[in-house]
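Trainee: sharing a model prediction with you, sequence too.
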Amino acid sequence: MKILARAIPALFLLAAPLAKATDLPSSMAGVPPSLASLAAKVAPAVVSIASMAPDTGNASQDDNGDNGDNGASSYHPAADTPGNAASTVVPPPKIIESLGSGFVFDPSGYILTNDHVVNGANNITVTFPDGTVYPAIIAGRDVDADLAVLKVNAGHPLPFVPFGDSGKLRVGDWVLAVGNPFGMPGTNTAGIVSALHRQIGDTKFDDFIQTDAAINKGNSGGPLFNLQGQVVGVNSAIYAPAGTSDGIGFSIPSAMAEPVAEALAHEGKMTRGWLGVATEEVTPAIQAVLKLPGTKGALVGAVSRGSPASGKLQPGDVITALGGVEIADPQALFIRTAEFQAGQSVTVAFTRGGVAQQAQLTLTAPPPASDESIAQTQSAPPGPVSLPAYGLGLAGKPAQGGVAITSATGPAAKAGIVAGDMIQKVNGIAVAAAPDVRKQVEALHGDPAVLLITGATQDGSNPGPRWVPVKPGK
């Protein structure tokens, strides 16, 4: 059975830089040169990590079913059953040793690895390539991103490797992995970037680099290098039907790893920024009605009161970039926002009414769920309105949150609208009363309407604000 296996205590890919084609003999143009110089350059900063954790009897296992025990001895009492003398003897606790990889990113002694390498550990040691061993403490953990920072006190600056820009990676780029697979430190493997933005269900912020550089148990937490010797990823998982490397490994991009590493090292935690918008995908139908140039971007459905986006963004806007990085869809916006710490100022690019705009926002920490409120438009329609061509009946009684739908038949029902839903916008225009909806719909002259709807769907779920195209008909 095929399984997705976390590269136990440290999946690791390291990329070695290739020489420029102009530096190679004409007979070797296009052939990658030796990666020896790159491997030698980065090796001093790549470490092996051994973590000791007590066996509680239900120790968590990694994705391939291995609990990380790499030969640590343990005591098993012989036939301790009630009534036997041996049953009164308390055996020493069993210790599980987990081996992984990591790398120094700050010369003062900060080391980045995977959180699953050190999770639950009460004793951690770090071994450098020259054989020097240091005890380490956990400076900070980010469970959501599966990253952790360790601190060692060497008494002098340590060799370190810098982060690179994972956003510049392309499919086909060469990469080099260095780590401690199966307890064999200093192992180098090379390959290419096989794919980008992979979602494999491993972390809350799935956005993995996929590579075919060999990654095995013990590689987890090791760096993935580009050809300039910069860390562009942290190796974290493998797709391992046979339990070992099968040419598909996954690495956390440096775009996520670097800000987390800096936050954990200097603050002990990562407090992520919050934008304060609810978004959804731009479907072809919505693209056509809102006359958008394409389906890329995140369509704003609602803006939280008092949020960083409040007063800057509004429902109907399409976010196209955040902090200079293009946003392809709502998941990309979610990932990109998570790469910023609360308090950071970012530029958001968006389109409104077909016009490209920008706004400067200062991200804040997200409020407790109970404190978060979505700005809504209050409605006070003078009387009920019927829109038979669209299958909508609208309430005349004032309602908080938009214009209440009293009946949904024909086209509206087919679009998933149900009685009790609320209309907040029609084709990007806010509506406060039933006559407002009628006015906007009549202006379409029989074209489809895109409604910003809140309320339960036909299956009873309540996904929050959503844009729903409704084509007039029977």
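Mentor: That came in fine, so what should we check first? Please read these numbers as outputs of a predicted model, since none were measured by experiment.
Trainee: the stretch 351-474 of the chain: helices as residue ranges?
Mentor: Per DSSP state H, counting those that start in this stretch, the stretch 351-474 of the chain carries helices over the ranges 410-414, 434-442.
Trainee: how about those helices in TSV, adding distance to residue 163?
Mentor: Every C-beta, even on glycine, is put in place using the N, C-alpha and C of the backbone. Listed next are the helices of the stretch 351-474 of the chain as TSV, based on distance: least, CB to CB, whole Å:
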stretch	distance to residue 163
helix 410-414	50
helix 434-442	49
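Trainee: averaging pLDDT over each of those helices, which comes out lowest?
Mentor: Ranked by mean pLDDT, those bottom out at helix 434-442, with a mean of 84.
Trainee: just the buried residues of that helix, please?
Mentor: The neighbour-count check on helix 434-442 (16 or more other CB atoms under 10 Å) flags 434-438, 440-441 as buried.
Trainee: again with stretch 229-246
Mentor: So, applying 16+ other CB under 10 Å, buried residues of stretch 229-246: 229-240, 244-246.
Trainee: same question for stretch 165-184.
Mentor: For stretch 165-184, by 16+ other CB under 10 Å, it's 166, 169, 173-181.
Trainee: in strands only, show me these.
Mentor: Assigned to strands by DSSP state E, the following of the buried residues of stretch 165-184 qualify: 174-179.
Trainee: on that earlier part again, tell me the one of the buried residues of stretch 165-184 nearest residue 402?
Mentor: Among these, residue 166 lies closest to residue 402 (CB to CB), at 41.1 Å.
Trainee: can you tell me the closest non-neighbouring residue to that closest one?
Mentor: residue 253 (3.7 Å; CB to CB, 6 or more residues apart in numbering).
Trainee: now residue 327
Mentor: residue 333 (4.9 Å).
Trainee: low-scoring stretches of the protein, by residue?
Mentor: 1-32, 56-93, 243-244, 369-383, 398-400, 456-463 (pLDDT under 70).
Trainee: output the lengthiest helix in it as PDB, nothing but the C-alphas.
Mentor: Of all the elements of type helix in the chain, the one with the most residues (DSSP state H) is helix 254-267. Extracted in PDB, the C-alpha atoms of helix 254-267 (Å, rounded to 0.1, in the frame of the first residue of the first chain):
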ATOM      1  CA  SER A 254      12.500  28.800   2.900                       C
ATOM      2  CA  ALA A 255       9.800  31.400   2.400                       C
ATOM      3  CA  MET A 256       8.100  29.800   5.400                       C
ATOM      4  CA  ALA A 257      11.100  28.400   7.200                       C
ATOM      5  CA  GLU A 258      13.200  31.500   7.400                       C
ATOM      6  CA  PRO A 259      10.700  33.800   9.200                       C
ATOM      7  CA  VAL A 260       9.800  31.000  11.500                       C
ATOM      8  CA  ALA A 261      13.400  30.300  12.300                       C
ATOM      9  CA  GLU A 262      14.100  34.000  13.100                       C
ATOM     10  CA  ALA A 263      11.000  34.300  15.200                       C
ATOM     11  CA  LEU A 264      11.700  31.100  17.200                       C
ATOM     12  CA  ALA A 265      15.400  32.100  17.800                       C
ATOM     13  CA  HIS A 266      14.700  35.600  19.000                       C
ATOM     14  CA  GLU A 267      11.200  35.500  20.500                       C
END
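Trainee: need the residues that contact that helix.
Mentor: Helix 254-267 has contacts (CB atoms under 8 Å, 6 or more residues apart in numbering) with 105-106, 110, 112, 139-142, 145, 147-149, 151, 163-167, 205, 207, 230-234, 269-271, 325, 335, 338-341.
Trainee: which of the residues in it are buried?
Mentor: 254-265.
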